[in-house]
Each structure stands twice: as structure tokens, then as C-alpha cells.
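sequence first, predicted coordinates after that:
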Amino acid sequence: MKLLLVSPQPGCSVSRLLTEWGHEVRHAVEVGQVGSLLHGVEGVLVVVASLEMAADVAALSTQEIRPRPFLLALVSGSTEQVPMDALLAAAVDDFVMMPVEPVQLRLRLEWLSRRRRAGMQTLLEGSASAGAVERLSAIIQTQSDIVSAGLELDKVMWLIAERARQLCGAAGSAVALADGDELVYRATTGQHSRHLGFRLKLAHSITGMSILRGEVLHTRDTENDPRVNVSATRTTGIGSMIVVPVQRAGTTVGAINITYEQPNAYDDLDVRTLELMGRLLGAAMNNAAEFESKRTVVSELAAALEALQKNQHLFHSFMSQCPVLALVKDAEGRRVWINEPYARFFHRNVESMLGLTDADLLPPAAAERMRQEDLATLASGKPRNCVQMIPSPDGTSHYWLSHKFVLSDAAGRPLLGAMAIDITARIVAEEALRRSEESFRALIEGLPEAIFVHREDRLLYVNPAGLAFLDHRSTEGLAGMSLLELIHPEDHRAAASVLESPAAGARTSMREVRFLRACGQVRTAELSAMQLLFGGESATVVSARDITERKQMQARLLLADRLSSVGTLAAGVAHEINNPLAFVLSNLSFLEEECQLLAKDVPRERLREMEDVLRETRQGAERVRHIVRDLRTLSRDEGDHLSDVDVCGVIESSLGLVRNELRHRARVVKDLEPVPRVRASEGRLGQVLLNLLINALHSLPSGQPNQNEVRVRARALAGQVIIEVRDTGCGIAPEVRDRIFDPFFTTKPVGMGTGLGLSICHGIVTSLGGEISVESELGRGSTFRISLPAVVQPARTA
């Protein structure tokens, strides 16, 4: 394209853009050069850098240049201040706002090029200036008509649409406004009259595109324009059309369009005319919106004033009836507003209290304290809550919960607002509750029973007895736990039946459950629960009474009773066996004597056989007699009677009772040194040794006597008699070694032991002033060691 750039700056950015786009660009520094540069050259488009240059070029073209070239003006300023009258006067064909946007400049150049090819230049020659003046006069008249039409927007839109149709000689005109993603025709004239209220999607029409882009769009031939819905234009009889966006406050809100039945039926002056009409419509819409806004504001102010008056009356009524004392003081402490409850508290009326200070109403100390708190609030500017004691005029003390805050009057002077509510009854109740809680806490913490408080299956409180019962030093590891986590898994069901929410104030029935202590021990307790308020909310209070010692005592009593029965039975059996045994031994002695007398009558071989049989029979009878004697020793009920006991003799008796069982499992080795006697009960000491021997026997496998050994040793050491029972059995695991003397603890299978044997042994040995200990290694065996004080024999005199 051939272009002439009229600009005092040859190397400007516009020149560079035009060159980069491939146009043939000539440059005129001043208007006087235009004539010579355009002389004899047709089809040149002139780009001018200012409106003043555009007017000079237009005047020059009408006198010296034929045919007149198209003019594109570069206009500086904002889109709201485009000098439309000057553009019309200068006969500018198109304009671009500066600073220039390359897309807009390129679009305008393409538009003017197409106009030139369509033959528009001939149409505009000789008549542009005269038509522009006439239309400008009509547009000015239209502006006056708009003022006369008032602020009825629908009437104004129809007036502008009709005037645009008449000025541009169009077949129809319409004003469409955007409504969401649609446009709606609000004013229609001519061939569009029947489309009033019609809606279209913005994206589906050229009018909608103009609204979305905020650009002037037009089509010279609807049949050949891809942007046009051809079926719709054929139906409405539109051959060409112009669409101008309408802006209100810088935002595109709609569009005005004119349509023609024939293609190429409009010129550039029609486009400019419609643009001016669009601006008039935008201005009218701005005026209408501003008027409506002001009218709305006036209505809102009137409604607000009425509401304020109502609210003020309601506020005074409310503040007069509410129990809260409210007041406002100035910076000097004078009361500028109070409510009626405040006046009633001081037995005055509201008017008589205005202007009074704290010193006029309160004792000096209370007034000074109040003044200091007010000054602190005013200085910080932050709200403050506090509890104050304010005496009433009759001398009664009242406690008030006060909320103080800073506000200001219409002149901006700081004021102090305060509201107070009487909390005397609450303070008295809280003090009584505090004393009650202190008494309750002292009672709970002093109880010997373990007390647990839990809510929603989580512990809230444990008293000192409970901590000692669980072997915990503090509640840190217990907070938030479930009480069931502290109970033996096998007793969870029994405990859950107790912990199920009991009725308020009712106590559940007691159940025995086992607790797991932090040290690994098991304690038995009687569990009961009841529902109480704790911390203002319902909670379950559980008491656990430790009955471990009682259970152990009961078990010991049961075992003692059983052992007593066994001892009585053993004594009876020993007595019953002892009588016929005496006859057997006597008869065996007689038979031995008779065999000696028959020596000369019976063959020697026969006699030796008879003597061997009698000797073996006598040995068996003697063994029976020893067993009977040992049974009588074990069954002897000596109570608390102690005597000097031969330890080796007791060991022999105990071994005699288990010898038959031991010979099937191990070799029995006795290592008995001469030891002093000990002060003990022979039966109880025998019970201890018998229990240790039985435990050793149970730790050994049956049928391997040559591979296993049970060694019993007695020795004296530093005034003590040491008894050791050592086996080569399975041994004891280290993790349970410290618990084997606990009641009911056993490593034997169910049905093989009660867990009381070693506990009873421990109790018997310690009651005799001795000690019992164990050394063991898994797979190597165990050694139980008893240490008893030796009896000191009195020195013999010569």
C-alpha cells in the first residue's frame, strides 16, 4: 500500500511500523510538501500526526490535489475526550488514538484500503464537507431534543435511533443493551420496528461482537461477510449495516446500529455520524444513571433518617429497660449520657446526674481507682474488661463486670463508653463453689481409694491414691487415656459393664478387675462407678479399692486350710499304717531268728535265699516306716511354735517324700555339711524345701535321669545356714525372674500351678528372719538359695 506520513519526526515509531509491515512509505515533515509528493500519484493514503495537520491537508486536497486522498489522523488524548467536531471539520476518514496500538492502526489501514477499492472515494468527492456541516447541525439539534425528552431512557434511545436512521438514510435502526451473555433490543425503528424486545446471544451476531470488543463494526455486503448470520439478514432484508458500541462510564453497555437493504449503501460520513449518535446515547445514559443514583441516594437518606429516628427511640427504650448500667463520659470524667438503670442505682434521675464525675458519686478511694482505669483505657484506645466493686448509696457492696471502650463525638473529641452488669450473686456463688470444690478436692485427694474421673472414655483426673495404685508419679502419662487401657485385657468386659453410664447419682454394682501397674505388676481391685458433675459437665467417677492383699490372704487361708486337711489326712494315714507296720517288723524279726535255728535242717543254698528275701522285705518295711515318719513331720501343726531344728534332718525327710518321683527325672546329689540348728518350725521349713524340690522336679523332662541332676546343699557361712536347691532344668526367663515370688504369678501351664507356692515360701522364710533368692539362666537351670540365722549355742563350762 502507498502511504504518505505527515509528521515533523521522520524516524517516529509509526514510520517504523509502516515500513516493517511492507508498505511503501513516503514522509512529509510539513504540510507544504504534501502537494508535491501526491502530485500525479493516485491511491495514496495519507497518515497525519495531528488534527491541525489533518485540517491543513484536507483544505490543501480540495484546492490542489485531485482526486482527494483518504486521511488517517493520529489523535492524542483519552477516548472520552475525542474531538469529534474537529474530526468532522477536518473531513478525516478515520482516526487512531495515541499512543498507537499496532493492532488498531493495522485494522484502520485495512479498512481504508477496502473503502478505496469499493469506490468510496468518488462517492465522497465534492460533498463531504457540505454533508458533514449539515449532519453536525442535525446532531446538535438532536442533543437539544434529548434534553427536552428528559431522563426517560427508553424515550431517549428511540429518539436517537430514529434520528440516526433519518440522518444516514438507513432502512432501519436499533439500540441493543447487553444483558448477561445476551443482547436485548430496547429501541427499534424502520424495518426493525417489529424486533423490539428481541434477544440474541452476544457471540452470535455482529452487534454482539461490537459490544464484546468495544469496537465499531460494519459490513458492506452481508452476503459476503463471514461475521454475519446470512440466513438472519436475508430474512430481515439487510444488505449492509453499521454497528457502533455505546459506552457508559468507560464500559461498553450496548450498541446502536443502522441497516440498509442494499450493499455498499453507506459512506464514511454515515459511520462518523453513527459514532456521534452513540456518544450522545452514552452521555444520556450516564446522565440518567447519575440522576437515578442521586434520586436513590436521596430516598435512601430519607429512609435512613426515618429509620434513625425509629432506632433512636427504640435504643432509648431498650437502654431504659435492660438491666445493664450504661454511661458515656468525656475526657474529664463528666457524664454526658447515662441510661435510666444507672440513675436508679444511685437513686437519682437522669438529668440530675449529667455533668457529675466519679468523685461526686463514689467514696474517694473508689473514685480514684475508677478514674485511673478510665485514663488507662483512653490512653490505650483499646477496649478493657474488668470486675469492679462499686458501693451503692446505702453502703451495700456490689460487684460489676464492666466493659469500657473509646468512642468520639461529632467533633472528633474522645469519649469513654462503659457498660456494667451486676455480678454480685455470681461472685458469691463462685466463692461458695470454690470453697466446696476445695473441700471436695481435699476429700478426694485424701481418700485411700483410687479415684478416676473420665468422660467420653478419656481420663480427666486421677487422685494421689490412684497414682500410687498404678505406680505412676504424675498424671502426664495418663491424661487422655481410656481407663480400659489400664485394666487387664481379660477383665475388659467386666470393667465395661461398670463404666457404662450409670444413672445420675446412682452407683453401679462392684466388680473385681485386675489393673496393670507401670512396673508390670498386677493388682486386683473392686471397681464401682457413679455419674456426677465434674467441671460443670457430666462425668463418670470410678472408685477402685485395692483388694490384692485381701485376695492373697484369702488364697493363703484356702491353701492353709487345704494343707491342714492334707496334714490331718497324712497324720491319720501314718497312724493307720504305723500299727500294722509294727506287727510286720516284729514278725520279720521273728522269721529272721527262726531262719537261724533252721540252718542245720535246710540246705545252705535254700537258707541263703530265704535270708535275702527276709532282708529285702525288712528294708522295704523300714522304708515305709521312714515315709510314715516324714508324713507325720510334715503334717504336724505347730502353729507359731518354733524350736531348734536340724536342717539336714528336714532335708532328708523332704527328699524321702519326693525320692520316687525324682529317680525318674534326675540324679539326686546331697552335699550336706554339718551345720548349726536354726530356730524354725520343722513342718513349715519342710514345706518350703518340699515346694522347692517339686519345682525342680517340674523343670526337668521325664525319662532322662542320667542327663539331669538335682543337687541339695547345706552349709554354714558367717552365722547363717545356707540351703541350696539346684537343678539343671529349663531355667527362668530374665523378664519374669523378679516376679516369681509375687502371689498368683506362675510360668506353669493352666492347671499345673496356682502361683502361690513360691509366694508362701517367701512368706515363711522371711517370717523366720531369713531370705530366699534365685539365680537362673535359660537352658542351664536354677538355684534357689535359703539363708536362715543359725542358733547360737551357749558356751560349755568345764
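Nice, thanks for sending it over.

need the pLDDT of A171.
On the pLDDT scale, A171 is placed at 92.

and the strand or helix carrying A289, what does it pack onto?
According to DSSP states H and E, A289 maps onto helix 268-321. Taking 3 or more C-beta pairs under 8 Å, 6 or more residues apart in numbering; DSSP states H and E as the contact definition, the neighbouring helices and strands of helix 268-321 are helix 84-89, helix 120-124, helix 128-149, helix 153-168, strand 240-248, strand 251-260, helix 340-345. Every residue, glycine included, has its C-beta placed from N, CA and C.

centre of the chain versus whichever helix or strand comes after that helix, how much separation?
Per DSSP H and E, the first helix or strand lying C-terminal to helix 268-321 is strand 325-329. On the basis of C-alpha atoms, centre = their mean, to the nearest Å, strand 325-329 is displaced by 42 Å from the centre of the chain it belongs to.

CA atoms of strand 325-329 as CSV?
What follows is the C-alpha trace of strand 325-329 in CSV, where atoms were taken according to Å, rounded to 0.1, in the frame of the first residue of the first chain:
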residue,chain,number,x,y,z
LEU,A,325,-25.8,0.1,83.5
ALA,A,326,-24.6,2.2,80.6
LEU,A,327,-22.9,5.6,80.5
VAL,A,328,-20.7,7.9,78.4
LYS,A,329,-18.0,10.2,80.0
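
quick one: strands adjacent to that strand?
Using DSSP bridges, the strands paired with strand 325-329 are strand 335-338 (antiparallel), strand 414-422 (antiparallel).

how is the protein carved up into domains?
By the record's domain assignment, the chain is partitioned as 1-126, 322-422, 429-546, 639-798 (automatic domain parsing).

tabulate the ones you listed (CSV), appending mean neighbour count and distance to L217.
Converted to CSV, the domains of the chain look like this (neighbours: other C-beta atoms under 10 Å; distance: least, C-beta to C-beta, whole Å):
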stretch, mean neighbour count, distance to L217
domain 1-126, 16, 10
domain 322-422, 14, 56
domain 429-546, 16, 71
domain 639-798, 17, 92
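
strands of the stretch 451-600 of the chain, residue ranges please.
When assigned using DSSP state E, counting those that start in this stretch, the strands of the stretch 451-600 of the chain occupy the ranges 458-462, 511-516, 522-534, 537-546.

okay, the ones you listed in a markdown table with mean pLDDT and distance to L274 next?
Supplementary listing: these in a markdown table, determined by pLDDT from 0 to 100; distance: least, C-beta to C-beta, whole Å:
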| stretch | mean pLDDT | distance to L274 |
| --- | --- | --- |
| strand 458-462 | 85 | 79 |
| strand 511-516 | 86 | 94 |
| strand 522-534 | 83 | 84 |
| strand 537-546 | 84 | 78 |
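
among those strands, which is nearest L585?
Evaluated over the strands of the stretch 451-600 of the chain, closeness to L585 peaks at strand 522-534, with 52.6 Å, by C-beta to C-beta.

send me that closest one as PDB with only the CA atoms.
Output of strand 522-534 as PDB, limited to C-alpha atoms (Å, rounded to 0.1, in the frame of the first residue of the first chain):
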ATOM      1  CA  VAL A 522      -0.900 -56.900  88.500                       C
ATOM      2  CA  ARG A 523      -3.200 -55.500  91.300                       C
ATOM      3  CA  THR A 524      -6.800 -56.600  91.900                       C
ATOM      4  CA  ALA A 525      -9.400 -54.000  92.800                       C
ATOM      5  CA  GLU A 526     -13.100 -53.700  93.400                       C
ATOM      6  CA  LEU A 527     -14.500 -51.300  90.800                       C
ATOM      7  CA  SER A 528     -17.600 -49.200  91.000                       C
ATOM      8  CA  ALA A 529     -18.800 -46.000  89.300                       C
ATOM      9  CA  MET A 530     -21.300 -43.300  89.500                       C
ATOM     10  CA  GLN A 531     -22.400 -40.300  87.400                       C
ATOM     11  CA  LEU A 532     -21.500 -36.800  88.800                       C
ATOM     12  CA  LEU A 533     -20.800 -33.300  87.600                       C
ATOM     13  CA  PHE A 534     -17.100 -32.600  87.100                       C
END
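
now stretch 727-746: mean pLDDT?
Computed over stretch 727-746, the mean pLDDT rounds to 74.

below-threshold pLDDT in the stretch 201-350 of the chain: ranges please.
Counting by pLDDT under 70, the stretch 201-350 of the chain shows low-confidence ranges at 292, 294, 298.

any idea how far L483 is from W158?
With distances defined as C-beta to C-beta, to the nearest Å, the gap from W158 to L483 amounts to 85 Å.

V522: which of the helices and strands packed on helix 268-321 is closest?
Comparing the helices and strands packed on helix 268-321 by their distance to V522 (C-beta to C-beta), the top pick is helix 340-345, with 65.7 Å.

how far is the closest one from where the chain is centred?
Averaged C-alpha coordinates place helix 340-345 at 47 Å from its chain's average position (C-alpha atoms, centre = their mean).

including distance to P489, could the helices and strands packed on helix 268-321 go into TSV?
As requested, those are exported to TSV (distance: least, C-beta to C-beta, whole Å):
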stretch	distance to P489
helix 84-89	94
helix 120-124	101
helix 128-149	93
helix 153-168	84
strand 240-248	79
strand 251-260	75
helix 340-345	64
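
so which of the strands paired with strand 325-329 is nearest H316?
Closest to H316 of the strands paired with strand 325-329 is strand 335-338 (C-beta to C-beta; 10.3 Å).

pull the CA atoms of that closest one into CSV?
Extracted C-alpha coordinates of strand 335-338, given in CSV (Å, rounded to 0.1, in the frame of the first residue of the first chain):
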residue,chain,number,x,y,z
ARG,A,335,-21.1,12.1,82.5
VAL,A,336,-22.6,13.2,79.2
TRP,A,337,-25.1,10.4,78.9
ILE,A,338,-26.5,7.7,81.1
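
just give me the residue closest to the centre of the protein.
The chain has G480 as the residue nearest its centroid, 17.0 Å off, counting by C-alpha atoms, centre = their mean.

verify the contact between that one and Y461 for me.
No - G480 lies out of contact with Y461 (C-beta atoms under 8 Å); the separation is 11.9 Å.

any chance you could map the helices in the stretch 501-650 of the chain?
Along the stretch 501-650 of the chain, the segments classed as helices by DSSP state H, counting those that start in this stretch run 548-597, 604-635, 647-662.

am I right that S776 falls within a strand?
Yes - S776 sits within a strand when classified using DSSP: H, G, I helix; E, B strand; the rest coil.

pretty sure it is touching G731, no?
Yes - taking contact to mean C-beta under 8 Å, the distance of 4.8 Å between S776 and G731 places them in contact.

check the offset of stretch 544-557 from the chain's centre.
Centre-to-centre, stretch 544-557 and its host chain are 47 Å apart (C-alpha atoms, centre = their mean).

R550: neighbouring residues, count only.
R550 sits with 12 neighbouring residues when counted by other C-beta atoms under 10 Å.

sketch out the low-pLDDT regions of the stretch 451-600 of the chain for me.
For the stretch 451-600 of the chain, the stretches flagged by pLDDT under 70 are 501-508, 555-572, 574-575.

next one: the stretch 601-750 of the chain
Where the stretch 601-750 of the chain drops to pLDDT under 70, the residues are 619, 623, 626-640, 742-750.

so what's the residue nearest to the centre of the chain closest to, chain neighbours aside?
R458 (5.4 Å; C-beta to C-beta, 6 or more residues apart in numbering).

wait, what's in contact with that neighbour?
For R458, the contacting residues are 480-482, taking C-beta atoms under 8 Å, 6 or more residues apart in numbering as the criterion.

for S681, which of the strands of the stretch 451-600 of the chain is the nearest?
Across the strands of the stretch 451-600 of the chain, S681 has its closest neighbour in strand 522-534 (29.5 Å, C-beta to C-beta).

just want the angle from the closest one to strand 511-516.
The directions of strand 522-534 and strand 511-516 differ by 110 degrees, with axes from the mean of the first three to the mean of the last three C-alpha atoms, to 10 degrees as the criterion.
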